[in-house]
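# Sequence first, predicted model second:
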Amino acid sequence: MRNILDFTLDELRTTFVEELSEPRYRADQVWRWLWRSLAHDFACMTNVSVKTRERLAEEFTITWPRVVTIQKAQDSTTKFLLELDDGARVETVLIPSTDHLGKTRWSQCLSTQVGCPMACTFCATGQLGFERNMSMGEMLGQLLVGRDYVQDLAPEHPIIKNVVFMGMGEPLLNCDNLIRALFVLNDPHGLGFSPRRITVSTCGIPAGLTRLGETGLCYLALSLHAPNQSIREQIMPKAAQTSLNTLLAHLRSYPVKPREHITFEYLLLRGVNDELHHARELAKIVNAQNGKLNLIVYNKTSHARYEPPEPERVLAFEQELWKHHVTATLRASKGQDIDAACGQLRARS
Ligand code: SAH
């Protein structure tokens, strides 16, 4: 049977009209139940006739990822180990922050693939190898799990404010499903995320970048991690098959909205890419693209062959960037004590 969460709203409307001889608005009603009310079954959809509900239950399932374990870090970062329909396992992470009124807001980090084929040398997911792409329903099913959890935690503010596609996998190698997921995320009848609240992070797949840019449905973050081609080849050999020059040329033609910037992500690895001359090389790249920079200090993984730089080194690197007029911010690492931080996701149980 088909998982109804794998349909976009347009696809659902067409299916209702053509296959089920139901009116279009019925698809919209069911849609709201699925994505707004977090319905787990058709029986609860009380504004739909009993007969139609039975028919729907014969045609479709509503399959959420199954929660295997939930781990909460000292800083409240919460990691879910999820099992998909075929037994494959992925992780998603809820990351808390506090707004100016002192309310907790959550960002959710979503996975897009089971494993990852890019094999970046510093990333735990990359060491797992690639199993398969996640479907759209599986990707957004993670968000349903997250919403459900946050709603139980704080019924008055069940707010997941931002979604970042920075979990397991390379989003632009699963571009069809990713773009469908972005449309569903944006849909005002459903999840209603504005593009400013969605970030897709990629190591840079040219064909995917072109397609993603055309949608205008999210911010772009680019995992650069190296100030030149030779270091990039050394630490992310597969991504570096697209040369840095080619990649940067693609980014120059990436459509960026007024007042928006591409964010470059730069992972600091001790003795590899953390010298001040690297910072200056990096500044040239980021400034030429009118981009912003997110510095990330390496989080150790169990395959660790790298070390994070000393805090003074990190600060000096950051200051060198500022000196060269780069808007650089240090990404606060959250959830390290439960292996939920960047690059630590590997879905072990
Ligand atoms: N494949 C995508 C998205 C997943 S990784 C991408 O490459 O962007 C999300 C971010 O975490 C990336 O910037 C990634 O390079 C970074 N990351 C990977 N391993 C890390 C580690 N050990 N410590 C800190 N950040 C890491």
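Received, thanks.
# Most proximal residue of the protein with respect to the ligand?
With Cβ to the nearest ligand atom, the shortest gap between the chain and the ligand falls at Gly343, namely 1.9 Å. Just so you know, the C-beta spots here come from the backbone N, C-alpha and C atoms, and that holds for glycine as well.
# how close does that residue get to Phe122?
6 Å (Cβ to Cβ, to the nearest Å).
# Identify the contacts common to the two.
Common contacts of Gly343 and Phe122 (Cβ atoms under 8 Å, 6 or more residues apart in numbering): 267, 298, 301.
# what ranges do the strands span in the stretch 1-150 of the chain?
2-3, 60-61, 66-72, 78-83, 89-98, 104-109, 113-115, 130-133 (DSSP state E, counting those that start in this stretch).
# so which of these comes closest to His278?
Distance to His278, taken as Cβ to Cβ, is lowest for strand 104-109 among the strands of the stretch 1-150 of the chain, at 27.1 Å.
# quick one: is that closest one near the ligand?
No: judged by Cβ under 6 Å from any ligand atom, strand 104-109 makes no contact with the ligand; its nearest approach is 8.0 Å.
# Each with direction, which strands does that strand pair with?
strand 89-98 (antiparallel), strand 160-165 (parallel) (DSSP bridges).
# quick revisit: and which of the shared contacts of Gly343 and Phe122 is nearest Lys284?
Nearest member of the shared contacts of Gly343 and Phe122 to Lys284, counting by Cβ to Cβ, is Leu267, at 18.5 Å.
# ok, and what's touching stretch 162-169?
90-93, 105, 107-116, 125, 133-134, 142-143, 171, 178, 185, 193, 197-201, 218, 221, 342, 345-347.
# ok, of those residues, which come out buried?
Among the contacts of stretch 162-169, the ones that count as buried by 16 or more other Cβ atoms under 10 Å are 90-93, 105, 107-116, 125, 133-134, 142-143, 171, 178, 185, 193, 197-201, 218, 221, 342, 345-347.
# What residues are bridge-paired with Ile160?
In this entry, Ile160 is beta-bridged to Trp106, by DSSP bridges.
# count of residues packed around it?
If you count neighbours by other Cβ atoms under 10 Å, Ile160 ends up with 20.
# Repeat that for Leu101.
Every residue meeting other Cβ under 10 Å relative to Leu101 is counted, giving 6.
# just to revisit the earlier point, using TSV, please lay out the strands of the stretch 1-150 of the chain together with mean pLDDT.
Converted to TSV, the strands of the stretch 1-150 of the chain look like this (pLDDT from 0 to 100):
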stretch	mean pLDDT
strand 2-3	97
strand 60-61	98
strand 66-72	97
strand 78-83	97
strand 89-98	94
strand 104-109	92
strand 113-115	97
strand 130-133	97
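# what residue ranges in the stretch 201-349 of the chain score low on pLDDT?
The stretch 201-349 of the chain contains residues with pLDDT under 70 at 348-349.
# Okay, strands next: where are they in it?
Under DSSP E, counting those that start in this stretch, the stretch 201-349 of the chain gives strands at 219-223, 263-268, 292-297, 328-330.
# could you dump those strands to JSON lines with distance to the ligand?
Below are the strands of the stretch 201-349 of the chain laid out as JSON lines (distance: least, Cβ to the nearest ligand atom, whole Å):
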{"stretch": "strand 219-223", "distance to the ligand": "4"}
{"stretch": "strand 263-268", "distance to the ligand": "4"}
{"stretch": "strand 292-297", "distance to the ligand": "5"}
{"stretch": "strand 328-330", "distance to the ligand": "12"}
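# among those strands, which is nearest Glu281?
strand 263-268 (11.0 Å).
# can you pull the buried residues of that closest one?
Neighbour count says strand 263-268 has 263-268 buried, by 16+ other Cβ under 10 Å.
# Could you do stretch 153-167 as well?
By 16+ other Cβ under 10 Å, the buried positions in stretch 153-167 come out as 158, 160, 162-167.
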